[in-house]
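# prediction below, plus the sequence it came from.
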Amino acid sequence: MAKATGKKAAAKAAPKKAAAKKAAAPNVKKAAAASPKKAAAPQPKKAAAPQPKKVAAPQPKKAAATKVAAKKVAPKKAAPKKAAAKKVAASSPADQKSLLQKLFIDGLKDIYWAEKQLTKSLPKLMRAATSDQLKQAFEEHRVVTEQQVGRVEQVFQLIGVKAIAKKCEAMDGLTREADNIVAETQKGTMSRDAGLILAAQKVEHYEIASYGGLAQLAETLGLQEAKDLLGQTLQEEKDTDERLTQIAISSINLEAEKEEGPVPVQEEERNEENQDNQENQQNQENQDSQESRENQEGNTI
Ligand SMILES: [Fe+2]
Ligand SMILES: [Fe+2]
């Protein structure tokens, strides 16, 4: 009892000195001895934070000694502090970077699906095209597209992620639009070729936007090799877009302008639309006259 009292007094009298650090340990032991069941859980948590801080604040010069004391008093209490530090780090810049990586991976999955879809769609466009020049352009771009699929797989490999395709709704819509142009234009016409070029250029522009954005993300994430691969594909898409423009303006659009033929499907649809409008107008007139009659009847009553 006398020893314990002496240590308590020492701790109160000189909290700034080493005695305080020694007192910290007996305090824990003493509490544990007095009520082992109750003190066991709460004591270490309470002692962990305040003890070193109290000593460290008034005596910055003796900080080294304080750190040693803190380790001696509660070596297990350092763990929760480290865990807390990790949580903070996870919700700061490091976490934002991982979100950007997720965005990058999602974008890769999207364009991976798109490219694979185009390897199936381009042969259809090639068969539907009229001019040899356009057929050749589609066939050459199909070969390039096969290489681009492999390049996207390389990027997946570089970042250690399994190559998985995720359906790209935009590319799905664009390839359907190309199918519609084939369905709505006459075989063997330059008008069809002009329509195919229009559809294909929409595809190229989607790819240009996708690869441009992904290359930029790769650079931000410090993935230089991935950025170079994506940049290579980006340039190919730009070249294809330019090539299609040249094919269109060199002959196809001019020849298509001279073409005449049966009423295209689109015009038939327009006629149906006009018929619907006439019916709607007739219905509206009938409704108006009905309301007018009712109003007159109301006035009479
Ligand atoms: Fe492509
Ligand atoms: Fe392309």
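Great, that's in hand. Ligands and ions are numbered 1, 2, ... in the order given.
# any idea how far Ile181 lies from Leu125?
With distances defined as Cβ to Cβ, to the nearest Å, the gap from Ile181 to Leu125 amounts to 9 Å. Glycine gets a C-beta too; all of them are placed from N, C-alpha and C.
# residues of the stretch 51-200 of the chain that sit close to ligand 1?
Contact residues (Cβ under 5 Å from the ion) of the stretch 51-200 of the chain with ligand 1: Thr145, Gln148.
# quick check: which ranges of the stretch 51-200 of the chain have low pLDDT?
By pLDDT under 70, the low-scoring segments of the stretch 51-200 of the chain are 51-97.
# now list whatever residues contact both of Ile181 and Leu125.
Residues within reach of Ile181 and of Leu125 at once, by Cβ atoms under 8 Å, 6 or more residues apart in numbering, are Leu196, Ala199.
# ok, those two, which is more surrounded?
Leu125 (27 against 21; other Cβ atoms under 10 Å).
# next one: phi and psi at Lys167?
Note on Lys167: its backbone torsions stand at phi -50, psi 130 [degrees, to the nearest 10].
# contacting residues around it?
Per Cβ under 8 Å, 6+ apart, neighbours of Lys167: Trp113.
# same check on Asn253?
Taking Cβ under 8 Å, 6+ apart, one finds Met190, Ala194 in contact with Asn253.
# tell me the spacing between it and Ile159.
43 Å.
# same thing with Tyr112?
In this view, Tyr112 and Ile159 are 13 Å apart by Cβ to Cβ.
# so between those two, which is more surrounded?
Neighbour count, other Cβ under 10 Å: between Tyr112 and Ile159, Tyr112 has more, with 21 against 15.
# show me where the protein has helices.
2-13, 18-34, 36-40, 42-48, 50-56, 63-73, 78-90, 93-128, 132-158, 169-184, 190-220, 224-247, 253-258, 265-300 (DSSP state H).
# now the second one: mean pLDDT?
Helix 18-34 carries an average pLDDT of 39.
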